[in-house]
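Engineer: Predicted model and sequence follow; I will ask about them next.
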Amino acid sequence: MKNIWWMAAVAILIWIGAQSSANPYGPAETAFNATGAIASGYSLNGWVSLPASKHPPGLSRLVARLARRAHVRGPVRSSVGLSYRQAEILSQRGSVRTQVIVERLASGATYAVVNRSAGDGFYGLSQSIRWADRLMGGARADHLAVNLEGYVHRRLNAADACRLIARAFSTVGAHSVNRVATSKFVSVTGDTSVLSHHNVLQGRPINLQVAVNYNAYLHATEVLVGTPLLTVTY
């Protein structure tokens, strides 16, 4: 009986806010468009904590339930680390890669994780955000990161990279909180009031990050825009 109530709580957590159709990440796309970069793809990374229980269901059962809600099909893969156990299901459809994970830490805390990446510009981005939002029960404000990826067909020097980032920030009224510049990349993290969700960096709110780096293999400059932070490598 305890397991039944636990699973019911998970179902409620997954589907609360299912009617929401707004895209709170539109300003991030506006910032990206201001850079003049060509869109190449996007990724979403989100997580939500599941209710605690003295007798929680097995991870395989939980991830299978999550996958059904997410319309993801595939075999369950299990793995064990020093401080965690997890079960995942991975699906690849065209350029869209979707992964659902349930992970349990040694402390007993259990998390549902959703990842999706696509390599066909921003096609399907709004639908994917709504998909992740429904699965996470509207927890996007704290636990969902959106990464927009693109490129320009030339190598930018440091000054050009900074001007590109400044345009992106100015378009959405963002101000800089932290800036990192190396010989390989320039990254600026900041805050804008037009994005409602925030993280905290050095005691200050942040919800926008723009990074620029040259990819020698592609002979192009990569442009990344993330909110609240980038969760992809650059």
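Structural biologist: Arrived safely.

Engineer: Just checking, which helix or strand succeeds the lowest-mean-pLDDT helix or strand in the chain along the chain?
Structural biologist: One helix or strand of the chain scores below all others by mean pLDDT, DSSP states H and E: helix 2-15, with a mean of 42. Later in the chain than helix 2-15, the nearest helix or strand by DSSP states H and E is helix 26-34.

Engineer: Show me what that next one packs onto, helices and strands only.
Structural biologist: Contacts defined by 3 or more CB pairs under 8 Å, 6 or more residues apart in numbering; DSSP states H and E place helix 26-34 against strand 144-152, helix 158-171, strand 208-215, strand 220-227. Bear in mind the C-beta positions are built from the backbone N, C-alpha and C, glycine included.

Engineer: Tell me who's in contact with residue 94.
Structural biologist: Residue 94 sits next to residue 120 when contact means CB atoms under 8 Å, 6 or more residues apart in numbering.

Engineer: That one and residue 117: what is the separation?
Structural biologist: Residue 94 is 12 Å from residue 117, where distance means CB to CB, to the nearest Å.

Engineer: quick one, the longest strand along the chain and strand 220-227 angle?
Structural biologist: The longest strand of the chain (DSSP state E) is strand 38-49. Following axes from the mean of the first three to the mean of the last three CA atoms, to 10 degrees, one obtains 30 degrees for the angle between strand 38-49 and strand 220-227.

Engineer: helices or strands up against the helix or strand that strand 38-49 is followed by?
Structural biologist: Counting by DSSP H and E, the next helix or strand C-terminal to strand 38-49 is helix 59-70. In terms of contacts (3+ CB pairs under 8 Å, 6+ apart), helix 59-70 is packed against helix 2-15, strand 84-93, strand 96-105, strand 110-118, helix 125-135.

Engineer: Which elements pack onto the second one?
Structural biologist: Contact analysis of strand 84-93 by 3+ CB pairs under 8 Å, 6+ apart lists helix 59-70, strand 77-80, strand 96-105 as its packing neighbours.
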